[in-house]
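Asks: Please work out how this folds:
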Amino acid sequence: MIEKKQTAKLIHLQRDLGIALSSVRDITEALQHILNTSFQIYGIDSGGVYFFNQKTECLELVAHSGLSRPFINSVAIFDSNLTQFL
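Replies: Now for the predicted structure:
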């Protein structure tokens with residue numbers, strides 16, 4: 001019975017995500033919807049998505065949710081040598 005409820009929840013989330021994505025105007029808005037849906041599926045409360053900027057060779061935080069402003073400021077951009085991880 002639990003498996004049926006989980007499957008039904010996933011189907012509803014997928015439907016809702018599809019509806020939301022059909023009306024987005026830009027990639028950032030789409031990523032916000034995807035993040036929020038993944039939070040519901042996996043039970044997480046924060047996260048972000050990075051894009052790689054080929055011109056600057058940096059990872060740039062382009063969408064996020066549930067993160068504090070100081071944390072966002074500290075992880076918004078990672079340069080190509082990723083010294084922040086060491």
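Asks: Now do the same contact list for the residue sitting nearest the centre point of the chain.
Replies: Most central in the chain under CA atoms, centre = their mean is L35, positioned 3.4 Å from the mean C-alpha point. Applying CB atoms under 8 Å, 6 or more residues apart in numbering to L35 gives the contacts G47, G48, V49, A63, H64, S65. Every residue, glycine included, has its C-beta placed from N, CA and C.
Asks: From N36, how far off is the third one?
Replies: In this case it means V49. 12 Å (CB to CB, to the nearest Å).
Asks: residues touching V24, list them.
Replies: Neighbouring residues of V24 by CB under 8 Å, 6+ apart: A30, H33.
Asks: Was I right to think G48 contacts A63?
Replies: Yes - using CB atoms under 8 Å, G48 makes contact with A63 at a distance of 6.4 Å.
Asks: Longest helix in this structure, please.
Replies: Criterion DSSP state H: the longest helix present in the chain is helix 2-21.
Asks: picking that back up, gap between the residue nearest to the centre of the chain and T7?
Replies: For L35 relative to T7 (CB to CB), the value is 22 Å.
Asks: repeat for L21
Replies: Distance from L21 to T7, by CB to CB: 21 Å.
Asks: Pick out whichever of the two has more residues nearby.
Replies: Shown here are L21 and T7; by other CB atoms under 10 Å, L21 has more neighbours (13 against 10).
Asks: Please identify the residue most distant from the middle of this protein.
Replies: Seen from the C-alpha centroid of the chain, the residue lying at the greatest distance (CA atoms, centre = their mean) is M1, 30.3 Å away.
Asks: any weak-confidence spans in the protein?
Replies: Residue ranges of the chain with pLDDT under 70: 82-86.
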